[in-house]
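>>> make a model of this:
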Amino acid sequence: MNNLNTIDSGLSFYVKSIKNFPILEADEEYKLAKEYQETHNKRIAHKLIQSHLRLVIKLARQFYGYGLPLDELISEGNLGLLYAVEKFEPDKGFRFSTYAIWWIKAFIQKYILNSWSLVKLGTTSAQKKLFFNLKKIKNQMNLHDDSILNDDLLKDIAEKLNISIDEVIDMNNRIAARDTSLNVKIGDEDCELGDFIADSKENPETECINLELNKKRRISFREHFENLNPREKNILFKRRLSDKVETLDELSKQYNISKERVRQIELNSIHKIQKNITLM
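Just a heads-up that it's a prediction; the model follows:
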């Protein structure tokens, strides 16, 4: 596999080791799948799974551009593979890999969407399709997620995806904000802006530990947050730190500026905080 240097040593070993598992011929695969369907013998399931682990890696690498570790994508893909083994019906006449691809991708995509849920990307099938298609087409056009899309680019993308320009702008801004803000490091310590976002999940033990470990970092963050001007503070809070996230459109109307300008203020505010804490 190419570019193994981008993968940590543990994953490199895993990639190399699974090459020892043989690829099943169609007849053998059918026989094993049929037997597993009747007996649910774990040994048989292992053979089916092991012969398709390379397929999971191949599919996981297709989603590597979403800012998530490759090993996590592979793990989720493997869960999809396990699920496919349980649901596969060999008598329907198609290969197991054809069936498994759907479940592997579904598990990986669900994991990616859950990881991006803080910016409320949406839950409808159309929104999910737009999320993945927009990333794909921007990669094809060699555009980064923080790239400013001019009118010609917006029109071109909208036509390619058969959607409105407003839909492209909205989803692009959500993706751009997530990439450049939630994952950004705050200072030299192992801390990200996402650490300061309110979490609706209640876990007292974890909360106590995090409060203790991040006490100094949180104090420093709040100090530099207060150094922002009122508009910067309000936009950053409502876009990234509030339980109820306001849209770019809502804030643009509030301040009588464009949605793109709101996004720029939001990202510039994050960069100011990052720079000040780094210089401490």
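
>>> the closest residue in space to Leu149 that isn't next to it in sequence and Glu159: what is the separation?
Nearest residue to Leu149, sequence neighbours excluded (CB to CB, 6 or more residues apart in numbering): Asn172, at 6.1 Å. Every residue, glycine included, has its C-beta placed from N, CA and C. Distance of Asn172 to Glu159, given as CB to CB, to the nearest Å: 15 Å.

>>> who has more neighbours, these two?
A direct count of neighbours by other CB atoms under 10 Å for Asn172 and Glu159 places Asn172 higher, at 24 against 11.

>>> ok so, going back, now the one helix or strand the residue nearest to Leu149 maps to: average pLDDT?
Here Asn172 sits within helix 165-177, counting by DSSP states H and E. When pLDDT is averaged over helix 165-177, the result is 73.

>>> repeat that for stretch 24-32.
Stretch 24-32 shows a mean pLDDT of 94.

>>> the helix or strand hosting Leu32: how far from the chain's middle?
Leu32 is part of helix 26-39, with elements assigned from DSSP H and E. The chain centroid and the centroid of helix 26-39 are separated by 35 Å, computed with CA atoms, centre = their mean, to the nearest Å.

>>> please identify the buried residues of it?
Glu29, Tyr30, Leu32, Ala33, Glu35, Tyr36 (16 or more other CB atoms under 10 Å).

>>> repeat that for stretch 82-98.
So stretch 82-98, judged by 16+ other CB under 10 Å, has buried residues Leu82, Ala84, Val85, Phe88, Pro90, Phe96, Ser97.

>>> so how far is that stretch off the chain centroid?
In terms of CA atoms, centre = their mean, the centre of stretch 82-98 is set 27 Å apart from its chain centre.

>>> and the end-to-end length of it?
Its start and end residues considered, stretch 82-98 measures 14 Å (CA to CA, to the nearest Å).
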